[in-house]
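J.: test case, fold it:
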Amino acid sequence: MTSETVARAVVPVRYARWDGVGRGFTVVPATTPQTPGPGEVLARIDLATVCGSDLHSARGDRPSPVPGVLGHEQVGTVLAVGPDAPRCVDGSAVAAGARIVWSVAASCGRCDRCRRGLTQKCRHLRKYGHEPLDDAEPLTGGFATHCIVLPGTAIVAVPDAVPDVVAAPASCATATVAAVLGAAGDLDGARVLVTGAGMLGVTAVAMAAQAGAHVIAADPGPARRERALRFGAAEVTADATEHGPVDVAVELSGAPAAVRTCLGALDVGGTAVLAGSVSPGEEVPLDPERLVRGLHSVVGVHNYRPADLRTAVDFLAAHHDRHPFAELVGGRFGLDALDDAFAAAHTGDAPRQGVVPSL
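T.: I've put the predicted structure just below:
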């Protein structure tokens, strides 16, 4: 086989094209070069999960390019690396055969924001699952058999002992929680309120409890409160206002009522970390006198830094068997049944639905 033939070798792939609100998904066959471009990685997607933001896009609650390839929570296997191969966050080489997760976005590393350490707000950011479809290079989302992992993407190797259903959400949910709790500061001995016990909420409960916090999980749903206890909550409640002041309040849902609850729950010196308000919504009043006299801090977190993804994987590797993380992902849908996966995500008991592109 000549070098020219090798250069032209391609891999057959499939991707689920999202055609807009109310129009669902169409599975499209395609090919991709067997050898990725400079700094790129060709990864086979072993399992992806339907994230809440995927649902928001499909419902039209957040703007998303149409057509597009959704999905940004996934775990995969490296098939090939291009010239100038990237390295994992820990400095190890990315090599064929490695099992990896990768960040929700790729950053340029050169703009003023990247130089300030705000790579998640890069001026040239490209986000997996949020890019307009390019028929020539369509592998930009998790709902496909393969993905081209771009230069500037954080990559973390996944230990073999971590199941796919546990690893895939690390790319968004777990890493986001790691960023949120990192912004909260030292949690050892702190009283921490987590509003909502969905995917991010119970992950925050587990991570905060492991850090030594006394965690109060607030959720109106009895089943969700029970789940929070299984993830390490010291207390659960349907009404967070009944549980007195806290040192840290974490808001992950974006519900205005939950934001108000977090701001109102802070003790002197307390910190509220808001991460759920990623779409336009009702304004929430802020009492500046209470904030000033209470020495309060209000921090916004959106996306995350590369180190947060490594923290997420390290946490799951060390603690996934202590809490039922595998139960947070239900179903095994192929790409051809992606519409069913989205329907199940709305009605199922599990916070995530699994998509296995090889099915």
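J.: for Tyr304, phi and psi?
T.: The phi and psi values for Tyr304, taken as degrees, to the nearest 10, are phi -160, psi 170.
J.: and for it, the neighbour number?
T.: Around Tyr304 there are 27 other residues, counting by other C-beta atoms under 10 Å. C-beta here means a position set from N, CA and C on the backbone, and glycine is covered the same way.
J.: next, count neighbours for the closest residue to it other than its chain neighbours.
T.: Nearest non-adjacent residue to Tyr304, counting by C-beta to C-beta, 6 or more residues apart in numbering: Ala179, 3.7 Å away. Residues contacting Ala179 under the criterion other C-beta under 10 Å number 22.
J.: helix, strand or coil for Ala179?
T.: Secondary structure, DSSP: H, G, I helix; E, B strand; the rest coil: Ala179 is helix.
J.: wait, isn't it in contact with Arg305?
T.: Yes: between Ala179 and Arg305 there is a contact under C-beta atoms under 8 Å: 6.7 Å.
J.: residues in contact with the residue positioned nearest the centre of the chain?
T.: Closest to where the C-alpha atoms of the chain average out (C-alpha atoms, centre = their mean) is Cys172, at 0.9 Å. Taking C-beta atoms under 8 Å, 6 or more residues apart in numbering, we find Cys172 in contact with 51, 53, 72-73, 104.
J.: that one and Ala312: what is the separation?
T.: Here Cys172 is placed at a distance of 9 Å from Ala312 (C-beta to C-beta, to the nearest Å).
J.: so Arg225 touches Val205, yeah?
T.: No: using C-beta under 8 Å, Arg225 is not in contact with Val205, being 10.7 Å away.
J.: now for these two: what residues contact both?
T.: 197, 217.
J.: ok, Ala16 to Arg62 distance?
T.: 18 Å.
J.: helix or strand right after the helix or strand Glu289 falls within?
T.: According to DSSP states H and E, Glu289 maps onto helix 288-293. Using DSSP H and E, the helix or strand that follows helix 288-293 in sequence is strand 297-300.
J.: buried residues, the next helix or strand after that following strand. List them.
T.: The helix or strand immediately downstream of strand 297-300 is helix 306-319, counting by DSSP H and E. In terms of neighbour count (16 or more other C-beta atoms under 10 Å), helix 306-319 has its buried residues at 306-313, 315-317, 319.
J.: could you do stretch 177-189 as well?
T.: 177-184, 187.
J.: how about stretch 90-106?
T.: 94, 98-106.
J.: nearest to Phe143 among the residues you listed?
T.: Nearest to Phe143 among the buried residues of stretch 90-106, counting by C-beta to C-beta, is Val104 at 14.1 Å.
J.: give the pairing partners of whichever strand or helix holds that closest one; include direction for each.
T.: Secondary structure assignment for Val104, by DSSP H and E: strand 99-106. Using DSSP bridges, strand 99-106 pairs in its sheet with strand 73-81 (antiparallel), strand 126-127 (antiparallel), strand 153-157 (antiparallel).
J.: save those strands as TSV, and put in distance to Leu291, mean pLDDT and mean neighbour count too.
T.: Listed next are those as TSV, based on distance: least, C-beta to C-beta, whole Å; pLDDT from 0 to 100; neighbours: other C-beta atoms under 10 Å:
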stretch	distance to Leu291	mean pLDDT	mean neighbour count
strand 73-81	35	98	23
strand 126-127	32	97	16
strand 153-157	34	98	23
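J.: among those, which is nearest Arg332?
T.: Across these, Arg332 has its closest neighbour in strand 73-81 (14.0 Å, C-beta to C-beta).
J.: what sits up against the closest one?
T.: Contacts for strand 73-81 (C-beta under 8 Å, 6+ apart): 11, 34-36, 40-51, 94-102, 142, 146-147, 158, 164, 167-173, 352.
J.: mind giving me the PyMOL select for these, buried ones only?
T.: Buried residues among those (16+ other C-beta under 10 Å), as a PyMOL selection:
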select buried, resi 11+35+36+40+41+42+43+44+45+46+47+48+49+50+51+94+98+99+100+101+102+142+146+147+158+164+167+168+169+170+171+172+173+352
